[in-house]
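Student: Quick one, structure for this:
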Amino acid sequence: MAEKVVDSVPKTVLVLGGSYAGISAAHNFLRNVLPRLPDKASYHVTLVNTSSHFYSRPSAPRGVVSEKLHPFSKAYYDIAQGFAAYPAGQFTFLEGTATSFDPTIHTVGITLPNKEVQTVTYHSLVIATGTAPAWVAHGIHTTHQLTQESQKAFHAALPSAKTIVIAGGGPAGVETAGELGHELNGLAGMFASAPKDPKVKITIVTSDTKLLPALRPAIAKKAEKFLAKMGVNVIYGTKVESVLPVHAGNEDPATLALDGVTTKTTVTLSNGETIAADLYIPAMGVKPNTQFVPKNFLNEKGYIVNNAQTLRVDEAGPNVYAVGDVATYCVGGVMDIYSAIPVLGENMKRDLLGDKATGTDKLYKPNKKETQLVPIGRSKGVGAIMGWKLPSFFVWMIKGRDYFAGMTQPIVDGSKWGKIPK
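Tutor: So this is what the prediction gives:
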């Protein structure tokens, strides 16, 4: 199909990605950068996202267990509605997927749901496409409807499951195992190390020697003990070598059929053991959404190489930035994005002002101290903030109660980043 070219008149600030980083970058520009530019009316923000809805991915471990525990209404939000309060002419939401990027002529090709390719010429470009989780029920692979349907299918399959295998011992795997264990097996008594007669055998398989690689061994060991009290066993130093059927746990990439989410699975481990699982959950890592980016802008793992202090993608020419999990500067997580957005906004403003800019670039400073919160079930948790180990109750109070559900609406509607200028 022939391409439709959209000219950069007015000056298009193109933001790719509609999760925490992309939505925050767009709102912050409209609220805090645009008002400080001399020619405000000449700019227009276009936000592009594969799905029409934002998904609160931190809530996925509870959401995959039961919609009653975490309703869809607290997890999925209409992106366009979140920007409805801005004056007409300032903002456009475009549902589509970035499929090409040519910095030499300042264009990005967007494939729309009807397969038409729309080419957008940008004045400034923010790449915030994030990462895709290994499991479709943990986050959006294509559309939010596919993720919702995968979660519904998983909900329906849980009552009859007797064995569940989770590949991956990071936060996603541990949190999901804890939620499943608490829901299906309950919590063992104070003096018991495990449920006497667990209803479902839940197994985490990790190639590491401990759970939760970002946390110290003592905290990881505590997580293991909490999981054991919910009937969860951990196999260390072992990889999932293969699964049958090959798309077990996920959608079929060709047809998007979701049979694999609930299919019985033969899991073969690197130690030669096989496990017959009623349900299989791939929770091993993430993949950067950078298929459209020329390889010379990526590192060996597929992440965008950007300036770790200014967030500019220097090799891509002027006014190109990367923010959030898609970029090499990022240490990961929502809190890291919150720290980066003001840096991004200030440096975008300076670049747009050109010779009129004063002062120096704002520099991003990563938090490299041990910081991670991991709820385990609906009453326990482990973690640390800025190197300080937290008691289980504090982890539950900060994150485990609702997986940050109360923080989601201010991100979607932009109020996190201040008021809309009058």
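Student: where exactly do the helices run in the stretch 301-422 of the chain?
Tutor: Assigned by DSSP state H, counting those that start in this stretch, the stretch 301-422 of the chain shows helices spanning 334-353, 392-395, 408-413.
Student: Please list all residues in contact with the residue nearest the centre of the chain.
Tutor: A centroid search over the chain (CA atoms, centre = their mean) returns Arg57, at 5.4 Å, as the residue closest to the centre. Contact partners of Arg57, counting by CB atoms under 8 Å, 6 or more residues apart in numbering, are Ser19, Pro133, His138, Gly139. The C-beta positions use only the backbone N, C-alpha and C, and glycine is treated the same way.
Student: Show the pLDDT at the first one.
Tutor: Confidence per residue is given as pLDDT, and for Ser19 that number is 98.
Student: And it, how far from Thr129?
Tutor: Counting by CB to CB, to the nearest Å, the separation of Ser19 from Thr129 is 8 Å.
Student: quick one: low-confidence ranges for the stretch 1-150 of the chain?
Tutor: Applying pLDDT under 70 to the stretch 1-150 of the chain flags the ranges 1-9.
Student: So which residues of the stretch 251-400 of the chain form strands?
Tutor: Ranges of strands within the stretch 251-400 of the chain are 265-269, 274-277, 279-282, 286-288, 320-322, 372-376, 380-385, 388-389, based on DSSP state E, counting those that start in this stretch.
Student: same question, the stretch 1-150 of the chain
Tutor: Going by DSSP E, counting those that start in this stretch, the stretch 1-150 of the chain shows strands at 4-6, 11-16, 43-49, 53-55, 76-78, 91-95, 97-102, 107-111, 117-121, 124-127, 131-133.
Student: Including mean neighbour count, could the ones you listed go into CSV?
Tutor: Output for the strands of the stretch 1-150 of the chain, formatted as CSV (neighbours: other CB atoms under 10 Å):
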stretch, mean neighbour count
strand 4-6, 14
strand 11-16, 26
strand 43-49, 23
strand 53-55, 23
strand 76-78, 18
strand 91-95, 19
strand 97-102, 17
strand 107-111, 21
strand 117-121, 18
strand 124-127, 26
strand 131-133, 20
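Student: would a markdown table of those strands with distance to Tyr236 be doable?
Tutor: Listed next are the strands of the stretch 1-150 of the chain as a markdown table, based on distance: least, CB to CB, whole Å:
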| stretch | distance to Tyr236 |
| --- | --- |
| strand 4-6 | 52 |
| strand 11-16 | 38 |
| strand 43-49 | 38 |
| strand 53-55 | 31 |
| strand 76-78 | 35 |
| strand 91-95 | 43 |
| strand 97-102 | 38 |
| strand 107-111 | 42 |
| strand 117-121 | 47 |
| strand 124-127 | 37 |
| strand 131-133 | 22 |
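Student: what pLDDT does Pro366 get?
Tutor: At Pro366, pLDDT is 93.
Student: ok, it touching Gly333?
Tutor: No - Pro366 lies out of contact with Gly333 (CB atoms under 8 Å); the separation is 10.9 Å.
Student: These two: which has the busier surroundings?
Tutor: More crowded of Pro366 and Gly333, by other CB atoms under 10 Å: Gly333, with 19 against 13.
Student: I'd like to know how far the more buried one sits from Thr50.
Tutor: Distance from Gly333 to Thr50, counting by CB to CB: 21 Å.
Student: and the residue nearest to Pro253 when sequence neighbours are not counted, what element?
Tutor: For Pro253, ignoring the flanking residues on the chain, the nearest one in space by CB to CB, 6 or more residues apart in numbering is His247 at 7.3 Å. In this structure, His247 sits in neither a helix nor a strand according to DSSP states H and E.
Student: can you check Lys152 too?
Tutor: For Lys152, the host element (DSSP H and E) is helix 144-157.
Student: Okay, angle between the next helix or strand after that helix and strand 265-269 too, please.
Tutor: Using DSSP H and E, the helix or strand that follows helix 144-157 in sequence is strand 163-167. For strand 163-167 against strand 265-269, the angle by axes from the mean of the first three to the mean of the last three CA atoms, to 10 degrees is 50 degrees.
Student: In terms of secondary structure, what does strand 163-167 contact?
Tutor: Contacts defined by 3 or more CB pairs under 8 Å, 6 or more residues apart in numbering; DSSP states H and E place strand 163-167 against helix 171-185, strand 201-205, strand 265-269, strand 274-277, strand 279-282.
Student: Using CSV, lay out these together with mean neighbour count, mean pLDDT and distance to His123.
Tutor: Converted to CSV, those look like this (neighbours: other CB atoms under 10 Å; pLDDT from 0 to 100; distance: least, CB to CB, whole Å):
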stretch, mean neighbour count, mean pLDDT, distance to His123
helix 171-185, 26, 98, 37
strand 201-205, 23, 98, 47
strand 265-269, 18, 99, 49
strand 274-277, 16, 98, 51
strand 279-282, 26, 99, 40
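Student: In JSON lines: the ones you listed, plus distance to Lys422.
Tutor: Formatted as JSON lines, these follow (distance: least, CB to CB, whole Å):
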{"stretch": "helix 171-185", "distance to Lys422": "41"}
{"stretch": "strand 201-205", "distance to Lys422": "52"}
{"stretch": "strand 265-269", "distance to Lys422": "57"}
{"stretch": "strand 274-277", "distance to Lys422": "57"}
{"stretch": "strand 279-282", "distance to Lys422": "48"}
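Student: wait, which of the ones you listed is closest to Asn306?
Tutor: Closest of the helices and strands packed on strand 163-167 to Asn306 is helix 171-185, at 24.4 Å (criterion: CB to CB).
Student: Take the closest one, keep the C-alpha atoms, and write them as CSV.
Tutor: This file holds the C-alpha atoms of helix 171-185, laid out as CSV (Å, rounded to 0.1, in the frame of the first residue of the first chain):
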residue,chain,number,x,y,z
PRO,A,171,10.4,-9.9,40.0
ALA,A,172,7.8,-10.9,37.4
GLY,A,173,8.2,-14.6,38.1
VAL,A,174,8.5,-14.3,41.9
GLU,A,175,5.5,-11.9,42.2
THR,A,176,3.3,-14.1,39.9
ALA,A,177,4.3,-17.2,41.8
GLY,A,178,3.4,-15.5,45.1
GLU,A,179,0.0,-14.3,43.9
LEU,A,180,-0.8,-17.7,42.5
GLY,A,181,0.4,-19.5,45.6
HIS,A,182,-1.6,-17.3,47.9
GLU,A,183,-4.7,-17.6,45.8
LEU,A,184,-4.5,-21.3,45.2
ASN,A,185,-2.7,-22.8,48.2
